[in-house]
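# pasted the sequence and its predicted model underneath.
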Amino acid sequence: MVHIKDEGSHFDAPRETVWKFLQSNDAHGASHTGTRNQQMKPINETSFVVSMEQEMGGHWVKVANRITILPPVAMAIEVIEGPMTGSKMINVYTAKGNKTGIDVYGEFTSAQIPAAQLESAVHANLAEVFEQDAAAIKAFASKM
């Protein structure tokens, strides 16, 4: 298990716009190009399970996450299926004028990724997802 604290990144859009993007299945789901066959199953008003196939190392792997949204403050994600099952993280969103700060805190585990490679794999995945979201948020904001 590895603890990750990734602080100091930001999106170039106000927090209200970021939350509209995050809650738009079409815009947010389409931003992650390494996924396919996404399905969302609501649990309650603030929680849902999203399952999909994700490209990992040239193979498509089934993954599922239980997500709880707490607008406008945070989103909690628990991996319930896939190579990172048991991992948990919280994304915290901070209003910074026309920008939105995002900090990620989590405990990551994997039965498939060797412990010595886990931290770098998590950081690489977080960076990839951030870059995809940042570009999609910028495009989303320009249409508002």
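That came through fine.
# helix or strand with the lowest mean pLDDT in the protein?
When each helix and strand of the chain is scored by mean pLDDT, DSSP states H and E, helix 25-31 comes last, with a mean of 74.
# strand partners (parallel or antiparallel) of the helix or strand that that helix is followed by?
Moving toward the C-terminus from helix 25-31, the next helix or strand (DSSP states H and E) is strand 35-42. Strand pairing for strand 35-42, using DSSP bridges, gives strand 47-56 (antiparallel).
# the residue most central in space within the chain: what secondary structure?
In the chain, the residue lying closest to the centroid (Cα atoms, centre = their mean) is residue 129, at 6.4 Å. Reduced to three states with DSSP: H, G, I helix; E, B strand; the rest coil, the structure at residue 129 is helix.
# let me see the contact set for the residue lying closest to residue 37 once chain neighbours are set aside.
Spatial nearest neighbour of residue 37, chain neighbours left out: residue 53 (5.0 Å); criterion: Cβ to Cβ, 6 or more residues apart in numbering. Any C-beta I mention is one placed from the backbone N, CA and C, and that applies to glycine too. Neighbouring residues of residue 53 by Cβ atoms under 8 Å, 6 or more residues apart in numbering: 35, 36, 37, 60, 61, 62, 63.
# what ranges of this protein fall below the confidence cut-off?
29 (pLDDT under 70).
# could you pull out the helices for it?
In the chain, helices defined by DSSP state H lie at 15-22, 25-31, 115-142, listed in chain order.
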